[in-house]
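Asks: build the 3D model from these lines:
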Amino acid sequence: MTPNVRLHIDQIAFHGFELLDRARIHAALETEFVRLFGEQGTPGGLAEPRHTPRLDAGRLCAAPDTTPEHLGAQLAQTIYSVFK
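Replies: Below is the predicted model of the structure:
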């Protein structure tokens, strides 16, 4: 049976991005989480219900030509790896 995972991210700080880019980053983040959980399953750190009030996933540096979609996927991968 596949576990039901509910992941709630209250806030992510985006500095230097336009509003439209933020929406595209958010969409890519969600898409990548679905892919990661579907292909790799629930990470061990999320096997039991938990509340993490703050998670510092570090800084992501992006080249000027990095797309919002790439950045969203990179962010999802970073957050996912924290819970492995």
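Asks: next, count neighbours for V5.
Replies: Using other Cβ atoms under 10 Å, V5 has 11 other residues around it. Just so you know, the C-beta spots here come from the backbone N, C-alpha and C atoms, and that holds for glycine as well.
Asks: hang on, isn't it packed against V34?
Replies: No - counting by Cβ atoms under 8 Å, V5 stays clear of V34, with 10.1 Å between them.
Asks: centroid residue for this protein?
Replies: A76 (2.6 Å; Cα atoms, centre = their mean).
Asks: thinking it is in contact with A27, fair?
Replies: No - between A76 and A27 there is no contact under Cβ under 8 Å: 10.9 Å.
Asks: measure the residue nearest to the centre of the chain to R24 for me?
Replies: A76 is 13 Å from R24, where distance means Cβ to Cβ, to the nearest Å.
Asks: ditto for E18
Replies: E18 is 9 Å from R24, by Cβ to Cβ.
Asks: confirm for me that T31 is in contact with A73.
Replies: Yes - using Cβ under 8 Å, T31 is in contact with A73, at 7.5 Å.
Asks: now the helix ranked longest in the chain, how far from the chain's geometric center?
Replies: Longest helix of the chain, by residue count under DSSP state H: helix 19-40. Put simply, helix 19-40 sits 7 Å off its chain's centre (Cα atoms, centre = their mean, to the nearest Å).
Asks: the next helix-or-strand element following it to helix 19-40, inter-axis angle?
Replies: Sequence order places helix 68-82 as the next helix or strand after helix 19-40, per DSSP states H and E. Angle of helix 68-82 versus helix 19-40, following axes from the mean of the first three to the mean of the last three Cα atoms, to 10 degrees, is 40 degrees.
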